[in-house]
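Colleague: Sharing a sequence plus its predicted fold:
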Amino acid sequence: MKIPTTYADWVECFDLFAAEQEDEAVLAAMEKGSIEWSTGIDRKMTEHMYRLLELRLKKVSTLMNKEFERLSDQAETVRAMLHARKRFAVLYRLAALQAFPEDVREALKSTLSSYVEDTQESLEKSADADRSGHLKMIIRNNSLLRYEEEAAEQGLACKDAQGAVSQKAVPNAGQNPSDKTNNKRRRVLL
């Protein structure tokens, strides 16, 4: 995928992202992209980003509602929560694109954060009807609010796929070889 550097390149990326085509490749390209912020371009780019975020939030909501309508057990509830969190993580990566000025990024992240917080709160309130408390516990333990952690993991996975080595991928990465601890387990016989 071409790294966007012009307005036309960015619009092409936005269109692909809106259509949910190759999200990972498009995000990876946009994360490396840049653009000259000039009068007119700044407004257009910001409007595109807000429309794109709004569109994808609606899609996440629709998919989440469909998954929650079909729940039959606790495992499916966990899966639905994790799927939604992954989708929010993708949107967080979109909102955090470095090609955009800090104020735009912060506004986009704030919009996303408010939406996710409201969604999590709504799920917890709807779980109050479950007298056993299991549903509420599942919703809290698999909180949508951890989407930023998920976004960081997605970003690392993307970099790994492109040939970069993350510290998670290398055992004892970042440690001094002389600081290695003996990880052997001892057997204790009684």
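Modeller: Everything's here; your move.

Colleague: Where does pLDDT dip in the chain?
Modeller: Scanning the chain for pLDDT under 70 picks out the ranges 156-190.

Colleague: So in it, which helix runs the longest?
Modeller: Criterion DSSP state H: the longest helix present in the chain is helix 41-69.

Colleague: which helices and strands does that one pack with?
Modeller: Helix 41-69 makes packing contacts with helix 7-18, helix 74-95, helix 102-127 when contacts are defined by 3 or more CB pairs under 8 Å, 6 or more residues apart in numbering; DSSP states H and E. In short, each C-beta sits where N, CA and C put it, glycine included.

Colleague: Could you pull out the buried residues of the shortest one?
Modeller: Of the residues in helix 7-18, those buried by neighbour count under the rule 16 or more other CB atoms under 10 Å are Y7, D9, W10, E12, C13, F14, L16, F17.

Colleague: Could you do stretch 47-55 as well?
Modeller: Residues of stretch 47-55 classed as buried: H48, M49, L52, L53 (neighbour count, 16+ other CB under 10 Å).

Colleague: any chance of these in TSV, plus distance to K86?
Modeller: TSV is the format used below for those (distance: CB to CB, whole Å):
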residue	distance to K86
H48	23
M49	20
L52	18
L53	16
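
Colleague: Can you name the residues in contact with stretch 11-25?
Modeller: 1-2, 4, 26-27, 29-30, 33, 48-49, 52, 55-56, 59, 90, 94, 154, 158, 161 (CB atoms under 8 Å, 6 or more residues apart in numbering).
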